[in-house]
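>>> Below is the sequence, then the predicted model.
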Amino acid sequence: MDTQEEIKIFDAAAATATAGLPQLVENFRHVMLTLATSGSANFTIKFQISNSREKPDFAAARSSTNRWEYVSVKDLQSTTGIDGDTGVAFAGTDDVRMFEVNTNGQRWVSATITAYAAGAISLWSKPFKN
């Protein structure tokens, strides 16, 4: 199995609409995401993908020159699919959760924190090719 080192997308982020560090994943089929929260976290996080050659601005609006989309993820605890436009909501909890993103054909993956009210959010990604 071919993997890459785990990369931190967010490091104790505490704000709304913060675009995380985009990761280049075009040579991988799946990305495992590990989300850790503290401080009675209350927020929603949405995961993003793009197959644009140039790195898109995930914090800016989508357009014909800034092509990206919210992507569904699979919750590895329950195997439930989570709609990309809905995202994953946390309410007053400190937790560690893991998700999988199918990145076949995609070049970039990132995340955006929305509806932020409290807490610190850290997110790591690790792509796999098998």
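Thanks, I have the structure now.
>>> Could you report the neighbour count for T80?
By the criterion of other C-beta atoms under 10 Å, T80 has 9 neighbours. Glycine gets a C-beta too; all of them are placed from N, C-alpha and C.
>>> Surely it and S72 touch.
No. Between T80 and S72 there is no contact under C-beta atoms under 8 Å: 10.2 Å.
>>> What's the separation between Q77 and R53?
Separation of Q77 from R53 (C-beta to C-beta, to the nearest Å) stands at 35 Å.
>>> same question but for V25, I mixed them up
Taken as C-beta to C-beta, the span from V25 to R53 is 14 Å.
>>> joint contacts of these two?
R107 (C-beta atoms under 8 Å, 6 or more residues apart in numbering).
>>> low pLDDT regions in the protein?
Scanning the chain for pLDDT under 70 picks out the ranges 1-3, 17, 130.
>>> Going along the chain, name the helices of it.
Using DSSP state H, the chain contains no helices.
>>> So which of V25 and R53 has more stuff around it?
Higher neighbour count among V25 and R53: V25, with 22 against 10, using other C-beta under 10 Å.
>>> I'd assumed P127 was in contact with that one.
Yes. Using C-beta under 8 Å, V25 makes contact with P127 at a distance of 4.7 Å.
>>> Which parts of the chain are strands?
2-3, 7-13, 23-24, 30-50, 69-70, 73-75, 81-82, 88-93, 96-102, 108-129 (DSSP state E).
>>> To A59, which of those strands lies closest?
The closest of those to A59 is strand 108-129. By C-beta to C-beta, the value is 7.0 Å.
>>> shared neighbours, V25 and P127?
Common neighbours of V25 and P127 (C-beta under 8 Å, 6+ apart) are V31, T103, V109.
>>> Pipe the residues you listed into CSV and attach distance to I121 and neighbour count per row.
CSV is the format used below for the shared contacts of V25 and P127 (distance: C-beta to C-beta, whole Å; neighbours: other C-beta atoms under 10 Å):
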residue, distance to I121, neighbour count
V31, 17, 24
T103, 21, 24
V109, 16, 27
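>>> Any idea how far apart the tips of stretch 79-97 sit?
12 Å (C-alpha to C-alpha, to the nearest Å).
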